[in-house]
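[1] Take a look and give me a structure for this.
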Amino acid sequence: MESVRSVRRAVAVEVESPPPELSAVEEAYRRIVEGIAVYVAERGTLEREKYSELYRRFRELYPLPAQLIQQAMNQGIEVGKSFLEAKRSGRTHKPRPEVRHVAIRFAKDSWSYKKAVGSAAPVRLALSLPGGRREVWIKPHRRFWLYWWKVLRKEAELASTLIVKRRRGRWYAIFAFDVQPRGEPPAEAAAFDVNENSVAVARASLLSTVDRVASWNRQYINPAVYSVRTDFDRLAKRYEAVRSAKLEELRRRYPFAGRDGEERAQNVADAREFRRFVRRLRERRRKDARVKQVAREVARSPAVIITEDLGENPQEGMIGVKGKKAEKSAKKKVKRKELRHRIKQIPFRKLVRAVEDKAAEAAPRFSTSRRTATARCVQSTSPSLRTAAVGIRCGVPTATPWTETRRRC
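    The predicted model follows:
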């Protein structure tokens, strides 16, 4: 029998009254990560002999525990390889990697937790910092209690590595849990299709479809079809208007900011004030909240989840971008700037990945491409029964794009 692969979940808990040694460790840790990342970006790899040499040098330069230096060097190797991959794919044009923020990793022997009297979960952490062990208190919350209860019930395991990170002046301890899937057999097939303003969902019971009564009465395989409203277009229009108003305000305030000393055109959007203003907007958080809402709704019960394969970049295929990235189905180019922006702002792949990640705790996910989503069953030559979003024949669910089904029915 195949072993069920565990799902990793991370939970961030705020640290109460962090010791001042954490800030000193963070700066030294960042310098080590950046130095190793630059070395890997220039030479492509870090040799074993050079690793030992740099380790001894860092031990002399920075008064950090040995395990922290090893974790920083390993993290620098990962950053360097990620930079090389991004440079090969054209996602960055910088000559060398820059590390501005780091997440400090504490290995198995460099941290531990302690429980208070009458508590079933850790409330204090002991971290190996310069000068010895330091105890810090944490503030557990409901999500942390949920996964710790799974640890007590042997449904999850606590990872050996602890991550400590600072964000907006606050320190957080990030615990990683390896959660075992529930292993419940799927009782239904759920298909979903991502649209601009909503996500169409259809559910069909597998128990009804395999029963003999389905062969003479089709009403038992009619799925429950509904939609989950997301309003991604309204969100894109609203924040586009907010950003445009801020740009107009900056243009009026700095009328001569369009050119520099060498008479080269400058963009007001590159101003520091505008970048700080954009970072304070809640557009990304609101998108993430709606994506998580859809993921919870689609994967609310153990089911065989079906969706179409969107490809690497579905937005460019929809607007008809010319070149290698354009799809053959894109017949004409979308010329309206507002519509192009709205299509670009819809998180298609992020939503599909969120549903897949959420469903990994209970059931597998099956994806079918647009070319193979035909009217025939994948295991039979006879036409499959057409429903609103799921075709079921021979007890095997097959997916059909929502637009194709709506056109034919």
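
[2] Show me the domain layout of this protein.
    For the chain, automatic domain parsing gives the domain ranges 21-105, 188-229+290-330+347-408.

[3] averaging pLDDT over each of the ones you listed, which comes out lowest?
    Among the domains of the chain, domain 188-229+290-330+347-408 has the lowest mean pLDDT, at a mean of 64.

[4] Would you confirm that Ile319 contacts His341?
    No. Ile319 sits out of contact with His341 when judged by Cβ atoms under 8 Å, with a separation of 9.8 Å. C-betas here are computed from N, CA, C, even on glycine.

[5] if I look at Pro19, how far off is Ser128?
    12 Å (Cβ to Cβ, to the nearest Å).

[6] just Ala202 next, same as before
    53 Å.

[7] What of Asp109?
    From Asp109 to Ser128 the distance is 8 Å (Cβ to Cβ).

[8] which helices and strands sit right next to the strand or helix carrying Arg31?
    Assessed by DSSP states H and E, Arg31 sits inside helix 21-43. Helix 21-43 sits against helix 48-61, helix 66-88, strand 104-106, strand 122-129, strand 162-167, with contacts defined as 3 or more Cβ pairs under 8 Å, 6 or more residues apart in numbering; DSSP states H and E.

[9] Direction included, what does the shortest one pair up with?
    Next to strand 104-106 in the sheet, as set by DSSP bridges, lie strand 162-167 (antiparallel).

[10] Would you tell me what the next helix or strand after the partner strand is?
    Assignment by DSSP H and E places the next element after strand 162-167 at strand 170-179.

[11] more crowded one of Ile319 and His341?
    Under the neighbour definition other Cβ atoms under 10 Å, Ile319 and His341 were set side by side, and Ile319 has more, 19 against 14.

[12] From Ala12, how far out is that one?
    From Ile319 to Ala12 the distance is 37 Å (Cβ to Cβ).

[13] What of Phe106?
    Going from Phe106 to Ala12 by Cβ to Cβ gives 15 Å.

[14] go on, Arg353?
    20 Å.

[15] ok, now Arg290?
    21 Å.

[16] Same question for Phe274.
    Taking Cβ to Cβ, one finds Phe274 at 29 Å from Ala12.

[17] Compare Pro19 and Ser128 (neighbour count), which wins?
    Ser128 (20 against 16).

[18] Three-state assignment for Pro97, please.
    coil (DSSP: H, G, I helix; E, B strand; the rest coil).

[19] In contact with it, which residues?
    Neighbour list for Pro97: Glu34, Ala37, Val38, Ala41, Val79, Gly80, Phe83 [criterion: Cβ atoms under 8 Å, 6 or more residues apart in numbering].

[20] Tell me the strands beside whichever strand or helix holds Arg203, with direction?
    According to DSSP H and E, Arg203 maps onto strand 198-205. Its sheet considered, strand 198-205 pairs with strand 188-194 (antiparallel), strand 224-229 (antiparallel) by DSSP bridges.

[21] After the last one, which helix or strand is next?
    Tracing the chain C-terminally past strand 224-229 and defining elements by DSSP H and E, one meets helix 232-253 next.

[22] still on that earlier bit, which of the strands paired with strand 198-205 sits most buried?
    Most buried of those, by mean neighbour count (mean count of other Cβ atoms under 10 Å): strand 188-194, with a mean of 26.

[23] how far off helix 232-253 does that strand point, in degrees?
    30 degrees (axes from the mean of the first three to the mean of the last three Cα atoms, to 10 degrees).

[24] List every C-alpha atom in strand 188-194, with coordinates, as CSV.
    Extracted as CSV, the C-alpha positions of strand 188-194 are listed here (Å, rounded to 0.1, in the frame of the first residue of the first chain):
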residue,chain,number,x,y,z
GLU,A,188,-18.6,13.3,-4.4
ALA,A,189,-17.0,14.9,-7.4
ALA,A,190,-16.6,18.6,-7.4
ALA,A,191,-15.8,20.7,-10.5
PHE,A,192,-15.0,24.4,-10.4
ASP,A,193,-14.3,27.0,-13.1
VAL,A,194,-12.7,30.4,-12.4
